[in-house]
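Enquirer: model this:
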Amino acid sequence: MEFVRPDINIDFIGRRKMAYLLSASLILLTLLLLLFRGGPNYGVDFAGGIVIQVRFSHPITPDEIREALTSIAMEDSLIQEFGEKGESEYLIRVSETDIELSGLSNSVKKSLESMFGEKNVEVRRVEMVGPKIGKDLREKALFAIFYALLFMVIYISGRFEYKWTISIIMAASLAFGVYTISALGMSIIWLIAVALVITIGLCWFLRLEYALGAIIALFHDVIVTLGAFALTNREVTLPVVAALLTIVGYSLNDTIVVFDRIRENYRRYRSRDFAEVINQSINETLSRTLLTSATTLIVVVSLFILGGGVIHDFAFALLVGILVGTYSSIYVASPALLIWRGQLWERGAALNKTRGRGS
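Expert: Residues are numbered from 1 along each chain as shown. Have a look, this model is predicted:
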């Protein structure tokens, strides 16, 4: 089954500058949003605090809920709608963790029932996470994403460039760099930012061009997905981190298919321009890329619409990540090869021409 004709020839590489501009704009918007909001909107898993999920039998406003909670000194709680529109389901978030959890559910239920009626209120869950536990979970989640990306880079280097030894050297150098930086007491955000710069620098210095293209695309996908969460004011929770790791794997799988075809065509058409080889490879794998993305999106959209509030943000992350990952494998990862490999190609072509004239 094919979505597009096998002989199609869309000039993806010719439009790469527009794609670079779009990607740069999305990343800049994400950074500005995160800076304006003081970072991602962490859920109780990472920020710590208490979350109470309540459901009403008829429409209620957040102000009415806040007024009802005045009797138990919780009127300053953050109240947001949860689940689908019209379900009258809300999350009550309390940042203080010194509140006694025992009996809290009954206290909240009684306060709400006194205002809205006994049969109109249902307390569905009460969760509490301490600030230290939240901080530890946040750091471990960030490290999980970072090390997943790092191991992907090592795999790409060995898989496509047969440079397993160099990949191991890069991993050891990066591990030493991360250890040294962490010993200086840097925050986790700065630690990962510096480690990212070191990773890209090592890929460039060790001439791991496929790995360089892959890691740029993977970080692009994660950052843009976080931007979508910041734009829609959604919480980043443990299920969302799981979704981000899933996105990394999905995006890399699509990128590997395109890279594999580029490598095959590179060996077959050495006399052709490298940009033309990349463009042909993308077109040859376009049907497979669209078919895989479309079938995956059917499942994810079903989860997003029918899955309910508990996995709504998880499905939203996958939805954005699959779309962005499909875009990045075509317009980010593959054109990134031109940054380094294209320069070597042009130098080799110029050298061959010079030798041809000399003979």
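
Enquirer: low pLDDT regions in the stretch 101-250 of the chain?
Expert: Counting by pLDDT under 70, the ranges of the stretch 101-250 of the chain that qualify are 101-103, 118, 130-134, 160-163, 178, 181-182, 185-189, 192.

Enquirer: again, 80 this time
Expert: With pLDDT under 80 as the threshold, the stretch 101-250 of the chain has low-confidence stretches at 101-106, 113, 115-120, 125-208.

Enquirer: where along it do the helices fall?
Expert: Taking DSSP state H, counting those that start in this stretch as the criterion, the stretch 101-250 of the chain contains helices spanning 104-116, 131-161, 164-183, 188-205, 209-231, 238-268.

Enquirer: I'd like those helices as JSON lines, with distance to residue 292 appended.
Expert: Bear in mind the C-beta positions are built from the backbone N, C-alpha and C, glycine included. Written out in JSON lines, the entries for the helices of the stretch 101-250 of the chain read as follows (distance: least, CB to CB, whole Å):
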{"stretch": "helix 104-116", "distance to residue 292": "45"}
{"stretch": "helix 131-161", "distance to residue 292": "18"}
{"stretch": "helix 164-183", "distance to residue 292": "27"}
{"stretch": "helix 188-205", "distance to residue 292": "26"}
{"stretch": "helix 209-231", "distance to residue 292": "15"}
{"stretch": "helix 238-268", "distance to residue 292": "7"}
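
Enquirer: pick the most deeply packed of these.
Expert: Across those, averaging neighbours per residue (mean count of other CB atoms under 10 Å) puts helix 209-231 on top, at a mean of 23.

Enquirer: tell me which strands and helices that one is in contact with?
Expert: With contacts defined as 3 or more CB pairs under 8 Å, 6 or more residues apart in numbering; DSSP states H and E, helix 209-231 has these neighbours: helix 16-37, helix 131-161, helix 188-205, helix 238-268, helix 312-328, helix 334-358.

Enquirer: reformat those as CSV; add distance to residue 78.
Expert: Compiled in CSV, the helices and strands packed on helix 209-231 are given as follows (distance: least, CB to CB, whole Å):
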stretch, distance to residue 78
helix 16-37, 14
helix 131-161, 15
helix 188-205, 23
helix 238-268, 18
helix 312-328, 16
helix 334-358, 41
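
Enquirer: mind checking which of those is nearest residue 177?
Expert: With distances scored as CB to CB, the stretch of the helices and strands packed on helix 209-231 nearest to residue 177 is helix 188-205 (4.9 Å).

Enquirer: now that closest one and helix 209-231, what's the angle there?
Expert: Using axes from the mean of the first three to the mean of the last three CA atoms, to 10 degrees, the interaxial angle of helix 188-205 with respect to helix 209-231 works out to 150 degrees.

Enquirer: quick one on the thing from earlier: to residue 293, which of the helices and strands packed on helix 209-231 lies closest?
Expert: In terms of CB to CB, the element of the helices and strands packed on helix 209-231 nearest to residue 293 is helix 312-328, at 4.5 Å.

Enquirer: so what touches that closest one?
Expert: Residues outside helix 312-328 that contact it (CB atoms under 8 Å, 6 or more residues apart in numbering) are 19, 23, 83, 217-218, 220-221, 224-225, 228-229, 232, 234-235, 237, 239-240, 242-244, 246-247, 250-251, 254-255, 289-290, 293, 296-297, 300-301, 303-304, 307.
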